[in-house]
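Asker: Coordinates for the following, if possible.
(chains A and B)
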Number of protein chains: 2
Amino acid sequence: MAFMSDIEIAQSCKPKKITEIAAAAGIDEKYLELYGNYKAKIDYNMLKDGDRPDGKLVLVTAINPTPAGEGKTTTTVGLADGLKKLGKNVMVALREPSLGPVFGVKGGAAGGGYAQVVPMEDINLHFTGDFHAIGAANNLLAAMLDNHIQQGNALGIDCKRITWRRAVDMNDRQLRNIVDGLGGKANGTPREDGFDITVASEVMAVLCLSSDITDMKERLGRMIVAYSFDGKPVTAHDLHAEGAMAALLKDALKPNLVQTLEGTPAFIHGGPFANIAHGCNSMMATKMALKLGDYAITEAGFGADLGAEKFLDIKCRFAGFQPSAVVVVATVRALKNHGGVAKADLGQENLPALEKGLPNLLQHVENITKVFGLPCVVAVNAFPTDTAEELALVERKCRELGVTVALSEVWAKGGEGGKALAEEVVRLCEQPGDFRFCYDVNDSIEEKLNAIAKKIYRADRVILTPNARKQMQQLTELGFDKLPICMAKTQYSFSDRADLLGAPRNFEITVRNLKVSAGAGFLVALTGDIMTMPGLPRVPSAERIDVDENGKISGLF
Amino acid sequence: MAFMSDIEIAQSCKPKKITEIAAAAGIDEKYLELYGNYKAKIDYNMLKDGDRPDGKLVLVTAINPTPAGEGKTTTTVGLADGLKKLGKNVMVALREPSLGPVFGVKGGAAGGGYAQVVPMEDINLHFTGDFHAIGAANNLLAAMLDNHIQQGNALGIDCKRITWRRAVDMNDRQLRNIVDGLGGKANGTPREDGFDITVASEVMAVLCLSSDITDMKERLGRMIVAYSFDGKPVTAHDLHAEGAMAALLKDALKPNLVQTLEGTPAFIHGGPFANIAHGCNSMMATKMALKLGDYAITEAGFGADLGAEKFLDIKCRFAGFQPSAVVVVATVRALKNHGGVAKADLGQENLPALEKGLPNLLQHVENITKVFGLPCVVAVNAFPTDTAEELALVERKCRELGVTVALSEVWAKGGEGGKALAEEVVRLCEQPGDFRFCYDVNDSIEEKLNAIAKKIYRADRVILTPNARKQMQQLTELGFDKLPICMAKTQYSFSDRADLLGAPRNFEITVRNLKVSAGAGFLVALTGDIMTMPGLPRVPSAERIDVDENGKISGLF
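Answerer: Residues are numbered from 1 along each chain as shown, chains lettered A, B, ... in the order given. Predicted structure coming up:
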């Protein structure tokens, strides 16, 4: 077989009509809103129907990402297809891709090889418009805020304490720091401002954590956009904005249904990044997957220090979810990279480097089993260059922690290549769980930050900059201290420095900014030099993306 | 019958499934891409099918708008429903509303009363996502441009001569003039920049004037984004951006099909404003309407000095369309406003004021019949406060110009109230036409500007500011002088001053900025103080828009 790119494999598959997929999944047609033949939104009222007990919740997470690639989404899709091959009733719940990475370094985000969700071009480009709706709601609020000031500023908003930023679903570093409102009195009020990528916005978090429209509207109303001259928070509700924002978001709140290449139903909904936001798909989609499937396979972004921690400490806490098992994805290549091998040399066997990089995996595994008390399996995403000795070493080290390694060949073989992993997941789901959070939400902000930094990252301590310390005091005085923490941190390392690979020790985590997302219901802690608006690389993927005269897309990976 | 708002009327109607509407219109199911049950996109390949002769093209335009409201879209929809009542095979082709006016002053834009297109909430909010796709394509190009500079600026782009602006579909004056790229060398290059509302962007114009994907991609590639240090234009093609932009726009290019309250098929596609852009729905949608209907009823934005002039001089010129008749919409109330009566007093009979305001209507009528050589009918959109004497005066003055007046009662009665207008339109369509443009495209830029200003606006002359004169010279040297002109001018007056109502004389038109839209294929002339980014009013419509727990929208008008 000649090599085929992801998009070629996806385009060569003949998907089932989404009406068939929905019917097989047990979704009544009345809840279905079609977007063409292969995509549908599901009405939230579906969740109120019937009283079938929820299925088992399985989280797929990974080691810290490297340029070598780990294949977390690919493994998630392949695991689900593998469970289907075992005759299980299974649903997938993933995040939607952002246009930022699609046009930047990463390309598409719908799995790879024979473990993909389709239609991959649509999923990667606009999909059903959810992110644009989120951006529009975010920017409507910004426009209403500045218009309020322009029209007399009855709320006494302090232009130097506006916390609300504008949003665009694009990697655009030029918009990180701007001065707007220039050009004289008819054109607004000159002030410092900036854009975040849409996936980092609080509106995205609110959409992903809301249980229905009413809940979403209340959360939107609670969002803090600024502080007044006398230090009081000014909310979206104070600007009468939450109704129109919710109107813009009413369809975006409905989970999107698509399918894997093997016809497994997949919800793809919501998409906060895990480095700068909370990193999980929507509560609503996960609930639907649990309601319909005996197994609901979901994924959290980047490494388990970010995505899994926030999935467990934020999303599961809010929703009352009780996960049954966790899959940690790794590749031999990536572990060698964590052990210091350059990308060009990863194809060669290198047991010392692998041994040096393995602690990254082992720390994630220990965090899952010992900190969070959950059954865990390691999925090694197979590459042709992996040697038997390398695989044996990974297995031996994991066995020492009581954890099985399953070789995943889903990229090349689809669900067939995911059966070994699926069998172990089924076994783990029968184990008794002892799920607990990493911290008590009623602890102080500093205690919670330290709990995450010490227990998950293995840092010596958290350092707050003077600015962050002042913010912590203010947030505590305002009564926002009893919320969970959403850490914003580089995805490449357990530390807040992208170059500290493996399992670093003797480091500190520096929090330079603390803010409340009162609508989402958490505090955001920005660490190191993490930025909420990425930039494009030297040669953006956008330069090779194209479409032919029949609308067929090329250049997406 | 108790008074019902537009949204209540729309929500009380039981629409047909869009599959039924499409089948009745003769659209093969294979070209249909459903967006729920009541919206569909139509594949552009439908245009290549069959060889039925095109129907008659009827343009609906209006007097200069006033705060009293004219009801142009309402009349367009009602005229189509009226033609259907006469047993005619008719299609509507309208523009999509922008979120700017929806959340600003105007509210929705889907007709009114019993002459509306539905589902009005969806049409007014996101619809099928076209405008967001246009904004994303626009902003991808901006990000690629600034990234090119950041990564070494191989093309030698002069940061002081960047003409490409970012876009958002929102009224946000705060973004009119900004400085971006602040914060040090990792965060872009500090420069002056700004946002336009999406409907004013060249990408919107390109989408609306393209005949297929290939044509669109070529147009996108030709768009000029900046000038280099040695004065050469830098295009989107130079940045390798047109492929990814076209990929983002591939679905947006497909016309959207919906229906009127009476089940008449309606294309709603594309939406450039007529004051700051070319003001017509897409070429593709109009072509589809002509292909399917014996009558294709379309609309151009604001008054006939803007929308109709550009529809005839730009869109018809490019597409080779030959309109059969033009409807000029007026209300007695608005004409009295043009005659100097304040909004609060428009309910009272006032024949002297009406006579004073009538020249606004008569000049538009004369422009249509004498400048453009087209058959014309005046549609008076009836209000309960109109008196018999007032209506008689309007009729008499129009008759002096050889033009009939038809009373339109479509707001209250739907198609039944549009039959008189429909009958006159049918009659006019049988008249021989003598369609000609307002200017020869091969004339100099200044000659073309003067032709529009003198023949249509009845200005004494065009004044170019020193800046505009310099731009004119540069554009001529670059070979862009043989393009049609897209005037950007206040919609409230024939002049470039919003307060000169009626039919002013002895005034000049000041062009302060001239730029080429090389992809769209026209020159844009900004006159007076017209701005390409509107602001929100003191109390934005957004404050009263809401959605209930079942997703039902309220507060849209």
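Asker: What's the separation between A:Asn187 and chain B?
Answerer: 5 Å (C-beta to the nearest C-beta, to the nearest Å). Where you see a C-beta, it was placed from the backbone N, CA and C, and this is true even at glycine.
Asker: For that residue, list the residues it contacts.
Answerer: A:Gly181, B:Arg173, B:Gln174, B:Arg176, B:Asn177 (C-beta atoms under 8 Å, 6 or more residues apart in numbering or on different chains).
Asker: pLDDT value on the closest residue to it other than its chain neighbours, please?
Answerer: Spatial nearest neighbour of A:Asn187, chain neighbours left out: B:Arg176 (4.8 Å); criterion: C-beta to C-beta, 6 or more residues apart in numbering or on different chains. According to the prediction, B:Arg176 has pLDDT 98.
Asker: okay but B:Arg176 is in contact with B:Ala200, surely?
Answerer: No: counting by C-beta atoms under 8 Å, B:Arg176 does not reach B:Ala200; the two are 11.5 Å apart.
Asker: Now list whatever residues contact both of the two.
Answerer: Any residue near both B:Arg176 and B:Ala200 by C-beta under 8 Å, 6+ apart counts here, and that gives B:Met533.
Asker: Thought A:Leu248 was touching A:Ala136, still the case?
Answerer: Yes: A:Ala136 lies in contact with A:Leu248 (C-beta under 8 Å); the separation is 5.3 Å.
Asker: For A:Leu514, which non-adjacent residue is closest in space?
Answerer: A:Leu514 sits nearest to A:Gln471 (C-beta to C-beta, 6+ apart), 4.2 Å away.
Asker: what do you get for A:Thr465?
Answerer: In space, A:Thr465 is closest to A:Arg512, 4.7 Å off (C-beta to C-beta, 6+ apart).
Asker: And that neighbour, how far from chain B?
Answerer: 14 Å.
Asker: what helix or strand is that residue on?
Answerer: strand A:508-517 (DSSP states H and E).
Asker: Report the backbone C-alpha coordinates of that strand in CSV.
Answerer: Coordinates of each C-alpha in strand A:508-517 appear next as CSV, following Å, rounded to 0.1, in the frame of the first residue of the first chain:
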residue,chain,number,x,y,z
GLU,A,508,9.7,26.6,41.2
ILE,A,509,6.5,27.5,39.5
THR,A,510,6.1,31.3,39.0
VAL,A,511,2.6,32.6,38.9
ARG,A,512,2.7,36.1,37.4
ASN,A,513,-1.1,36.7,36.9
LEU,A,514,-4.2,35.5,38.7
LYS,A,515,-7.7,36.3,37.6
VAL,A,516,-11.2,35.1,38.3
SER,A,517,-13.4,33.6,35.6
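Asker: That one packs against which elements?
Answerer: helix A:445-451, strand A:461-464, helix A:466-477, strand A:522-527 (3 or more C-beta pairs under 8 Å, 6 or more residues apart in numbering or on different chains; DSSP states H and E).
Asker: Tell me what angle that strand forms with strand A:522-527.
Answerer: If you take axes from the mean of the first three to the mean of the last three C-alpha atoms, to 10 degrees, strand A:508-517 sits at 150 degrees to strand A:522-527.
Asker: what ranges do the helices span in the stretch 1-150 of chain A?
Answerer: A:6-12, A:18-25, A:72-85, A:99-103, A:120-124, A:130-150 (DSSP state H, counting those that start in this stretch).
Asker: Next, format the ones you listed as a markdown table and append mean pLDDT and mean neighbour count.
Answerer: What follows is the helices of the stretch 1-150 of chain A, written out as a markdown table (pLDDT from 0 to 100; neighbours: other C-beta atoms under 10 Å in any protein chain shown):
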| stretch | mean pLDDT | mean neighbour count |
| --- | --- | --- |
| helix A:6-12 | 83 | 18 |
| helix A:18-25 | 97 | 18 |
| helix A:72-85 | 97 | 30 |
| helix A:99-103 | 92 | 26 |
| helix A:120-124 | 92 | 24 |
| helix A:130-150 | 98 | 26 |
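Asker: closest to chain B out of those helices?
Answerer: Smallest distance to chain B across those (C-beta to the nearest C-beta): 3.4 Å, for helix A:130-150.
Asker: Any idea how far the closest one is from the middle of the chain?
Answerer: 23 Å (C-alpha atoms, centre = their mean, to the nearest Å).
Asker: quick one: that helix near chain B?
Answerer: Yes: contact between helix A:130-150 and chain B, assessed by C-beta under 8 Å from any C-beta of the partner chain, occurs at A:His132, A:Ala133, A:Gly135, A:Ala136, A:Asn139, A:Leu140, A:Ala142, A:Ala143, A:Met144, A:Asp146, A:Asn147, A:Gln150.
Asker: ok, and what's touching the helix or strand following that helix?
Answerer: Later in the chain than helix A:130-150, the nearest helix or strand by DSSP H and E is strand A:157-162. By C-beta under 8 Å, 6+ apart, the list of residues contacting strand A:157-162 from outside reads A:145, A:148-149, A:189, A:191-193, A:225-229, A:234.
Asker: Make a PyMOL selection of the buried ones in these.
Answerer: Selecting only the buried entries of the contacts of strand A:157-162 in PyMOL, with 16 or more other C-beta atoms under 10 Å in any protein chain shown as the criterion:
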select buried, chain A and resi 145+148+149+189+191+193+225+226+227+234
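Asker: need the contacts of strand A:157-162 in CSV with secondary structure, can you?
Answerer: CSV is the format used below for these (DSSP: H, G, I helix; E, B strand; the rest coil):
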residue, secondary structure
A:Leu145, helix
A:His148, helix
A:Ile149, helix
A:Thr189, coil
A:Arg191, strand
A:Glu192, strand
A:Asp193, strand
A:Val225, strand
A:Ala226, strand
A:Tyr227, strand
A:Ser228, strand
A:Phe229, coil
A:Val234, strand
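Asker: Rebuild the contacts of A:Asn187 as TSV, extending it with secondary structure and distance to A:Pro359.
Answerer: Formatted as TSV, those follow (DSSP: H, G, I helix; E, B strand; the rest coil; distance: C-beta to C-beta, whole Å):
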residue	secondary structure	distance to A:Pro359
A:Gly181	coil	51
B:Arg173	helix	54
B:Gln174	helix	49
B:Arg176	coil	53
B:Asn177	coil	53
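Asker: Which one of those residues sits in the busiest neighbourhood?
Answerer: If you count neighbours using other C-beta atoms under 10 Å in any protein chain shown, the busiest of the contacts of A:Asn187 is B:Gln174, which has 27 neighbours.
Asker: so what's it up against?
Answerer: A:Ala142, A:Ala143, A:Asp146, A:Asn147, A:Gln150, A:Asp180, A:Gly181, A:Asn187, A:Gly188, A:Thr189, A:Asp193.
Asker: where exactly do the strands run in the stretch 301-450 of chain A?
Answerer: According to DSSP state E, counting those that start in this stretch, the stretch 301-450 of chain A carries its strands in the segments A:325-330, A:376-381, A:404-408.
Asker: Take these and lay them out in TSV including distance to chain B, mean pLDDT and mean neighbour count.
Answerer: TSV is the format used below for the strands of the stretch 301-450 of chain A (distance: least, C-beta to the nearest C-beta, whole Å; pLDDT from 0 to 100; neighbours: other C-beta atoms under 10 Å in any protein chain shown):
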stretch	distance to chain B	mean pLDDT	mean neighbour count
strand A:325-330	29	98	28
strand A:376-381	29	97	27
strand A:404-408	31	96	22
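Asker: of all those, which lies closest to B:Pro537?
Answerer: strand A:325-330 (52.4 Å; C-beta to C-beta).
Asker: Neighbouring strands of that closest one in the sheet, and parallel or not?
Answerer: Applying DSSP bridges, strand A:325-330 is found paired with strand A:56-62 (parallel), strand A:376-381 (parallel).
Asker: Take it, keep the C-alpha atoms, and write them as CSV.
Answerer: The C-alpha coordinates for strand A:325-330 follow below in CSV (Å, rounded to 0.1, in the frame of the first residue of the first chain):
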residue,chain,number,x,y,z
ALA,A,325,-10.2,4.4,33.9
VAL,A,326,-7.4,6.6,32.4
VAL,A,327,-5.3,5.9,29.4
VAL,A,328,-1.9,7.6,29.2
VAL,A,329,-0.6,7.8,25.7
ALA,A,330,3.1,7.7,24.9
